[in-house]
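Undergrad: got a structure for you, letters missing:
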């Protein structure tokens, strides 16, 4: 049994190394994969199975067990996606001879979209910030940069002064998989940053933290949790009853661009989406507007209109 555990440990360690070195995933994403994998390994251990002997039938039963434990369909789909990735790796690395997940079905998940803030609501959010407090101007700048640039919260907390090109009005952002992209920054966001830098320049900053744009009062860079708590508190202050998070501002950025007539490919590039399908879902384009665009602009439809 101890030898079997060592084999499983080796598989998991090799898989984690693969995610880090070959797929170039962030530590947070790797930890999420590890946590999801624990569901499978717990099931395998409970039923006295060997990883290399797992079949599609076992995985179907595992999937059913997630449902029985009242795991939400979205979480089930995410866990099963991690399981597929794990078994594909095991096949690739020679631990197994065939992939039992090939025909594994996932529960149907509706693409539930988060609430979106209008520009007026973002203005209310910023106006509710108490500028007499030490962190006031910093928080206003954070809200504006999230909305104006559509950054992920992980990108915001890791934003560096050396990545800020004020004259050119661009940020250099390191996104998922350590992929870099250039994102335009608005005059409004730059003004809020400049006001924050007045306070920042008077701070005592911890060694090694000097290049981070946003700092806490102890002179160290912020965490994702700090940003989440701040945004939720500010929503209460602004009287906004929608359920919001830093991600809401990213989604609002994409929606505002789309409504303003921005090209979908441009939005994809600014948001750092690998797949255009993600952008299509994210910006909740409705089919009626797409139909209208095709009817209006496609040459076949133009000819029909001319005949009519």
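TA: That came in fine, so what should we check first? Remember, it's a predicted structure, so these values are computed and weren't measured experimentally. Numbers count the residues shown, from 1 in each chain.

Undergrad: okay, CA-based contacts and neighbour counts for the rest of this
TA: Noted.

Undergrad: show the average pLDDT along stretch 79-94.
TA: For stretch 79-94, the mean pLDDT works out to 92.

Undergrad: from the chain's centroid, how far away is that stretch?
TA: Distance, stretch centre to chain centre, for stretch 79-94: 22 Å (Cα atoms, centre = their mean, to the nearest Å).

Undergrad: could you pull out the buried residues of it?
TA: 79, 80, 81, 82, 83, 84, 85, 86, 87, 88, 89, 90 (16 or more other Cα atoms under 10 Å).

Undergrad: how about those residues in TSV, adding distance to residue 268 and secondary structure?
TA: Listed next are these as TSV, based on distance: Cα to Cα, whole Å; DSSP: H, G, I helix; E, B strand; the rest coil:
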residue	distance to residue 268	secondary structure
79	26	helix
80	27	helix
81	23	helix
82	25	helix
83	28	helix
84	27	helix
85	25	helix
86	28	helix
87	30	helix
88	28	helix
89	29	helix
90	33	helix
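
Undergrad: which residue, other than its chain neighbours, is closest to residue 84?
TA: Spatially, and ignoring its direct neighbours in sequence, residue 84 is nearest to residue 101 (5.6 Å; Cα to Cα, 6 or more residues apart in numbering).

Undergrad: excluding chain neighbours, what is closest to residue 188?
TA: In space, and not counting its chain neighbours, residue 188 is closest to residue 144: 7.6 Å by Cα to Cα, 6+ apart.

Undergrad: residue contacts, the one you found?
TA: For residue 144, the contact set (Cα atoms under 8 Å, 6 or more residues apart in numbering) comprises 126, 188, 189, 192.

Undergrad: 10 Å - rerun?
TA: 122-123, 125-126, 150, 185-186, 188-193, 249 (Cα atoms under 10 Å, 6 or more residues apart in numbering).

Undergrad: now the helices for the chain?
TA: Counting by DSSP state H, the chain has helices at residues 2-21, 27-46, 56-68, 73-92, 119-127, 136-149, 153-157, 187-200, 224-238, 246-259, 264-271, 276-282, 287-297, 299-307.

Undergrad: what packs against the fourth one?
TA: It stands for helix 73-92. Other elements packing on helix 73-92 under the criterion 3 or more Cα pairs under 10 Å, 6 or more residues apart in numbering; DSSP states H and E are helix 2-21, helix 27-46, helix 56-68.

Undergrad: now the closest residue to residue 79 other than its chain neighbours: how far from residue 47?
TA: The shortest distance from residue 79 to any non-neighbouring residue, by Cα to Cα, 6+ apart, is to residue 36 (5.1 Å). From residue 36 across to residue 47, the span is 18 Å (Cα to Cα, to the nearest Å).

Undergrad: settle it for me: which of these two has more neighbours?
TA: residue 36 (19 against 10; other Cα atoms under 10 Å).

Undergrad: can you pull the contacts of the more buried one?
TA: Residue 36 is in contact with 30, 75, 76, 78, 79, 80, 81, 82, 83, counting by Cα under 10 Å, 6+ apart.

Undergrad: repeat that with 8 Å
TA: Contact analysis of residue 36 by Cα under 8 Å, 6+ apart lists 78, 79, 82, 83.

Undergrad: now do the contacts for the third one.
TA: To tie it back to what came earlier, the one meant is residue 82. Neighbouring residues of residue 82 by Cα under 8 Å, 6+ apart: 33, 36, 37.

Undergrad: give me that answer again for 6 Å
TA: Residue 82 makes contacts with residue 33, as judged by Cα atoms under 6 Å, 6 or more residues apart in numbering.

Undergrad: domain ranges for this protein?
TA: The chain breaks down by automatic domain parsing into domains covering 2-92, 119-287.

Undergrad: out of those domains, which is closest to residue 107?
TA: Among the domains of the chain, the nearest to residue 107 by Cα to Cα is domain 2-92 (5.8 Å).

Undergrad: run the chain-centre distance for that closest one.
TA: Centre to centre, stretch against its chain (Cα atoms, centre = their mean), the figure for domain 2-92 is 22 Å.

Undergrad: again with stretch 165-172
TA: With Cα atoms, centre = their mean as the basis, stretch 165-172 stands 23 Å off its chain's centre.

Undergrad: cool, stretch 148-158 as well?
TA: Counting by Cα atoms, centre = their mean, stretch 148-158 is centred 10 Å from the centre of its parent chain.

Undergrad: so what would you say the end-to-end distance of that stretch is?
TA: Note: stretch 148-158 ends 17 Å apart using Cα to Cα.

Undergrad: what mean pLDDT does it have?
TA: For stretch 148-158, the mean pLDDT works out to 89.

Undergrad: for stretch 183-195, same thing?
TA: For stretch 183-195, mean pLDDT is 92.

Undergrad: buried ones in that stretch?
TA: Residues of stretch 183-195 classed as buried: 183, 185, 189, 190, 192, 193 (neighbour count, 16+ other Cα under 10 Å).
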